[in-house]
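>>> Dropping the sequence and predicted coords here.
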Amino acid sequence: LQLVESGGGLVQPGGSLRLSCAAEGFTLNAYAVGWFRQAPGKERERVSCISSTGGTTDYADLVEGRFTISRDSAKNTVYLQMNDPKPEDTATYYCAARLLGCTAEAGRFPTWGQGTQVTVSS
């Protein structure tokens, strides 16, 4: 089982960026998928999560109203749309999958991607 993140890069404050999380070797449709991030010197933190059906989503308070998680079953991919990013959103972003429902606990996700770097700076 492998997850591959893409779409990271440098973005200006107030701009937008879309991260992708593609599954390789398995069907992502049965899995809840979470996005987490980790900045240098800080602990990994939950950003957002989407249920296997896409019917339930949740967001960390810091990104609520700015980020949107979605999934495309046909493309076997989950997205994180980042609108109005701020310098404090700078981090390595990881997606993770689990067969059960969403949880804020990173340790309960058995499958992880390698991460994609997002830098918010003018």
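That came through fine.
>>> where along this protein do the strands fall?
Per DSSP state E, the chain carries strands over the ranges 2-6, 9-11, 16-24, 32-38, 45-50, 57-59, 67-72, 77-83, 91-98, 111-112, 116-120.
>>> distance of the residue nearest the centre of the chain from Pro110?
Note on the chain: the residue nearest the mean C-alpha position is Trp35, at 2.7 Å, using CA atoms, centre = their mean. The spacing between Trp35 and Pro110, counted by CB to CB, to the nearest Å, is 16 Å. Where you see a C-beta, it was placed from the backbone N, CA and C, and this is true even at glycine.
>>> Also Ala22?
On the measure of CB to CB, Ala22 and Pro110 end up 18 Å apart.
>>> So these two - more neighbours on which side?
The neighbour count for Ala22 versus Pro110, taken as other CB atoms under 10 Å, is higher for Ala22 (18 against 11).
>>> and that one, what does it touch?
Ala22 sits next to 3-4, 6, 75-77 when contact means CB atoms under 8 Å, 6 or more residues apart in numbering.
>>> switch to 10 Å and redo it
Neighbour list for Ala22: 2-6, 28, 72, 75-79, 95, 113 [criterion: CB atoms under 10 Å, 6 or more residues apart in numbering].
>>> Just the buried ones out of these, please.
Buried residues within those, defined by neighbour count using 16 or more other CB atoms under 10 Å: 3, 5, 28, 77-79, 95, 113.
>>> pLDDT check: weakest of those?
For those, the minimum pLDDT belongs to Leu28; the value there is 93.
>>> Quick check, it in contact with Val78.
Yes - under the contact definition of CB atoms under 10 Å, Leu28 touches Val78, with a separation of 6.8 Å.
>>> Overlap in contacts, those two.
What both Leu28 and Val78 touch, as defined by CB under 10 Å, 6+ apart, is the set 3, 21-22, 71-72, 95, 97.
>>> Is it possible to get JSON lines of the residues you listed that adds distance to Ile50?
Below are these laid out as JSON lines (distance: CB to CB, whole Å):
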{"residue": "Leu3", "distance to Ile50": "14"}
{"residue": "Cys21", "distance to Ile50": "10"}
{"residue": "Ala22", "distance to Ile50": "14"}
{"residue": "Arg71", "distance to Ile50": "6"}
{"residue": "Asp72", "distance to Ile50": "11"}
{"residue": "Cys95", "distance to Ile50": "10"}
{"residue": "Ala97", "distance to Ile50": "10"}
